[in-house]
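Chemist: fold the following, please.
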Amino acid sequence: MNYNTQNAKIASITEKTLIVGIDVGSETHYARAFNWRNYEYSKKPFAFSNDETGFAAFKKWMNDIAEKHGMEVIIPGMEPTGHYWLNLGAYLQEQGMKPVHVNPHHVKKSKELDDNNPSKNDRKDPKTIAGLVNEGRFSYPYIPTGIYAEIREVASSRDRIMKELNVASNRIQRWLKIYFPEYLTVYKKFDTTTGMMILEEAPLPAMVPALGVDNIVKIWREHKVRGKGASFNRAKTLVDAAHDSVGKSGGQGAVMEIQMLLEDYKVKKQQLEMVTSVMEELTMQIPNADKMLSVNGIGLVTVAGFISEVGDISRFKNPKQIQKYAGFELVENSSGKHKGRTTISKRGRKIIYQVVLPLIRINQEFGSIYDYYRKRIKNPLKGRQAMIAVGCKLIRVFFAIMTKGVVFNGTKMIEDIHRPTQLPQAA
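Modeler: Presented below is the predicted three-dimensional model:
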């Protein structure tokens, strides 16, 4: 039986079930309690603070109502409002309850049913949320624990640092385009080791010729940098470019700005190295994670990202559940005689979709599957559709590796999907 269908959710709510709707706030939450027929037991919304004292008072309030009316099961429902629900959700889970989520979009649309008024208030929202739970319109949130919680936290930190690093990179390149545009013609990447050394020493074009070719080479040698990038010719090219620069004249303010930007960039790079190291250490503790890395084109970030979003693989019975979790299920838009396009749901995790494009370029087997879907005679797929199909296959591969401990075999994967006569074999 699939316990995640709406019928199964409705069947789980009986006359012995206490449904509690919670309007989550940043500091104060509000709750109302109902039975399975939407009869309210709470005389007014129960307000409790977002701390241990408030949580304990909320638990006692629910237990008192449940005991008074002979309820055996309590289902707390809430909107996943930002991060405000996390502590409350974890607390309820620790108390042996199964908190559930309702879609904020559903709450917004449903709150007008009682009074034809779209207004939002602390009394109205908990009732709307409880009503949606009673109709089975909820989902079970996954709150990871143990190492899976650690991996999710580290992966989230890495994503944040990457965004901040990109911002710092863009700011530096903006500065260079204003004050030293020729630098970006000498170096394709602004953060080349030899280039960064000179930027820190002589950031403005007028400072570079004053530093001179010999001193530039000396700086590189003092840092034990060798190779073509630290040659006399490279130093001369940089000096000539600075001499003929059309960049805006800058002074102490411009120098101070680039120094702060470079320092910020270096700090973010160090943070990225540190968090990536911790992420690798944690990820390698997950059974069969090393075998996932054996897939050509799949790196540590992808494996860690997949584990952080999926969590304990044993909570899924089959890979199709993960496909839906990733937002890869098909959505049809048809009515009456109108036959709309079948598209892919985008409501879910994104890590798989993000990795498919580089995967089909690097991995010959997955690239072959993509080409097959695009070029097959019957029902060829468009580019994005083919990428989704490859993403679904990658999910099935990951599921098999993590649950069965099998070793990835690209040739067998192709043969299992299609007859050899339909799909060219990878060399």
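Chemist: residue ranges for the helices of the stretch 1-150 of the chain, please.
Modeler: Assigned by DSSP state H, counting those that start in this stretch, the stretch 1-150 of the chain shows helices spanning 6-11, 52-68, 86-94, 104-110, 124-134, 146-179.
Chemist: please identify the deepest-packed of those.
Modeler: Counting by mean count of other Cβ atoms under 10 Å, helix 124-134 has the highest mean neighbour count of the helices of the stretch 1-150 of the chain, with a mean of 24. For the C-beta atoms, the positions are set from N, CA and C on the backbone; glycine is no exception.
Chemist: picking up where we left off before, which stretch in the helices of the stretch 1-150 of the chain has the least confidence?
Modeler: If you rank the helices of the stretch 1-150 of the chain by mean pLDDT, helix 104-110 sits at the bottom with a mean of 84.
Chemist: C-alpha coordinates for it, PDB please?
Modeler: Taking Å, rounded to 0.1, in the frame of the first residue of the first chain, the C-alpha atoms of helix 104-110 are listed here in PDB:
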ATOM      1  CA  PRO A 104       1.100  27.700   1.500                       C
ATOM      2  CA  HIS A 105      -0.600  28.200  -1.900                       C
ATOM      3  CA  HIS A 106      -3.400  25.900  -0.800                       C
ATOM      4  CA  VAL A 107      -3.800  27.900   2.400                       C
ATOM      5  CA  LYS A 108      -4.000  31.100   0.500                       C
ATOM      6  CA  LYS A 109      -6.700  29.800  -1.800                       C
ATOM      7  CA  SER A 110      -8.700  28.000   0.900                       C
END
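Chemist: by contact count, what packs against that helix?
Modeler: Applying 3 or more Cβ pairs under 8 Å, 6 or more residues apart in numbering; DSSP states H and E, we find helix 104-110 packed against helix 124-134.
Chemist: in this protein, which helix or strand is least confident?
Modeler: strand 330-332 (a mean of 45; mean pLDDT, DSSP states H and E).
Chemist: could I get the helices of the stretch 1-150 of the chain as CSV with distance to Ile198?
Modeler: Output for those, formatted as CSV (distance: least, Cβ to Cβ, whole Å):
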stretch, distance to Ile198
helix 6-11, 63
helix 52-68, 55
helix 86-94, 46
helix 104-110, 52
helix 124-134, 59
helix 146-179, 12
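Chemist: closest one to Lys317 among the ones you listed?
Modeler: The closest of the helices of the stretch 1-150 of the chain to Lys317 is helix 6-11. By Cβ to Cβ, the value is 13.4 Å.
Chemist: correct me if wrong: Thr283 contacts Glu150.
Modeler: No - counting by Cβ atoms under 8 Å, Thr283 stays clear of Glu150, with 10.0 Å between them.
Chemist: point out where the stretch 201-350 of the chain drops to low pLDDT.
Modeler: Residue ranges of the stretch 201-350 of the chain with pLDDT under 70: 327-350.
Chemist: tell me the contacts of the nearest residue to Tyr91 once chain neighbours are set aside?
Modeler: Excluding the flanking residues, the one nearest Tyr91 by Cβ to Cβ, 6 or more residues apart in numbering is Phe55, at 4.8 Å. Neighbouring residues of Phe55 by Cβ atoms under 8 Å, 6 or more residues apart in numbering: Phe48, Asn87, Leu88, Tyr91.
Chemist: which parts of this structure are strands?
Modeler: 17-23, 28-34, 46-49, 73-78, 100-101, 330-332, 342-344 (DSSP state E).
Chemist: between the ones you listed, which one is closest to Thr128.
Modeler: Closest among the strands of the chain, using Cβ to Cβ: strand 17-23, at 7.1 Å.
Chemist: in that closest one, what's buried?
Modeler: Within strand 17-23, the residues scored as buried using 16 or more other Cβ atoms under 10 Å are Thr17, Leu18, Ile19, Val20, Gly21, Ile22, Asp23.
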